[in-house]
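> Have a look; sequence and predicted model below, questions after that.
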Amino acid sequence: MCTFEKGNMWDAWTVSDQFIFTGNAIIKANGALVMGRGIARQVRDRFPNIDRAIGQRIAEMTQPYGLALGNKVCVFQVKRHWQDDADFNLICLAIDMLLVESTDKPHLRYDLNFPGIGNGRRADLFDEIKEELSVLPNNVHIWTFK
């Protein structure tokens with residue numbers, strides 16, 4: 001079972017193999033992923049042009065929803081459009097994709113902020129989302145901020 005952590009997910013940056021932030025799938029006209037709030041914005045502000053790199057990766061995906069993996073920074077989509085509330089079915093799809101990835105690569109460490117409860121505005125689904133997350137293996141760490 002995955003590990004549920006409390007604190008600042010950035011504290012895991014140096015030990016994380018896959019640093020996964022929650023986001024959406026909207027690509028702006030310049031090719032950049034919309035990353036305007038929460039941890040997505042923190043990622044965008046720390047790494048110049050990462051929004052364009054991730055936007056390009058999503059644009060190249062055959063299925064542009066779910067989990068978009070990268071060299072270290074990845075996006076776990078909780079909504080299709082940045083204005084929407086998080087979509088439970090999309091969260092479940094991304095969890096399924098992360099389950100396949102993390103099971104296939106048990107030697108890697110995956111860190112993910114708890115999906116859907118912040119800017120996804122679905123704290124009402126916390127228990128249901130946590131239950132879905134519990135299928136993930138112990139190399140996955142799910143973070144909630146203190």
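Good, I have the coordinates.
> helix or strand right after the top helix by length along the chain?
Secondary structure of the chain per DSSP state H: the longest helix is helix 88-104. Next along the chain after helix 88-104, taking DSSP states H and E as the criterion, comes strand 110-113.
> Residues in contact with the helix or strand just after that next one: which ones?
Sequence-wise, the next helix or strand downstream of strand 110-113 (DSSP H and E) is helix 126-133. Residues from elsewhere that reach helix 126-133, judged by CB atoms under 8 Å, 6 or more residues apart in numbering: Cys2, Phe4, Phe88, Ile91, Cys92, Ile95, Phe114, Pro115, Gly116, Ile117, Arg122, Ile142. (C-beta placed from N, C-alpha, C; glycine too.)
> Compute the inter-axis angle for helix 126-133 and helix 88-104.
Here the directions of helix 126-133 and helix 88-104 differ by 30 degrees (axes from the mean of the first three to the mean of the last three CA atoms, to 10 degrees).
> chain center to helix 126-133, what's the gap?
15 Å (CA atoms, centre = their mean, to the nearest Å).
> Find the centremost residue of the protein, please.
Residue closest to the average C-alpha location in the chain (CA atoms, centre = their mean): Phe76, at 2.8 Å.
> How about the contacts made by it?
Ile20, Phe21, Thr22, Gly23, Leu67, Ala94, Leu98, Leu112, Pro115.
> cutoff 6 Å now
Phe76 sits next to Ile20, Thr22, Leu67, Ala94, Leu112, Pro115 when contact means CB atoms under 6 Å, 6 or more residues apart in numbering.
> what about it, helix or strand, and which?
Going by DSSP H and E, Phe76 is part of strand 73-77.
> Could you tell me which strands sit next to that strand in the sheet, and their orientation?
strand 18-23 (parallel), strand 67-68 (antiparallel) (DSSP bridges).
> now that strand: mean pLDDT?
Mean pLDDT, strand 73-77: 96.
> Next: stretch 127-137.
Taken as a whole, stretch 127-137 carries a mean pLDDT of 98.
> Please apply the same query to stretch 19-33.
Mean predicted lDDT for stretch 19-33 stands at 96.
> Using PDB, list the CA coordinates for that stretch.
This file holds the C-alpha atoms of stretch 19-33, laid out as PDB (Å, rounded to 0.1, in the frame of the first residue of the first chain):
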ATOM      1  CA  PHE A  19       7.700  14.100  -8.800                       C
ATOM      2  CA  ILE A  20       4.000  14.200  -9.800                       C
ATOM      3  CA  PHE A  21       1.900  17.200  -9.500                       C
ATOM      4  CA  THR A  22      -1.900  17.400 -10.100                       C
ATOM      5  CA  GLY A  23      -3.100  19.500 -13.100                       C
ATOM      6  CA  ASN A  24      -5.400  19.700 -16.100                       C
ATOM      7  CA  ALA A  25      -5.100  19.200 -19.900                       C
ATOM      8  CA  ILE A  26      -5.500  22.700 -21.300                       C
ATOM      9  CA  ILE A  27      -2.700  23.700 -23.700                       C
ATOM     10  CA  LYS A  28      -2.500  27.400 -24.400                       C
ATOM     11  CA  ALA A  29      -1.900  28.800 -27.900                       C
ATOM     12  CA  ASN A  30       1.800  29.000 -27.200                       C
ATOM     13  CA  GLY A  31       1.900  25.200 -26.500                       C
ATOM     14  CA  ALA A  32       2.300  25.600 -22.700                       C
ATOM     15  CA  LEU A  33       0.100  23.700 -20.200                       C
END
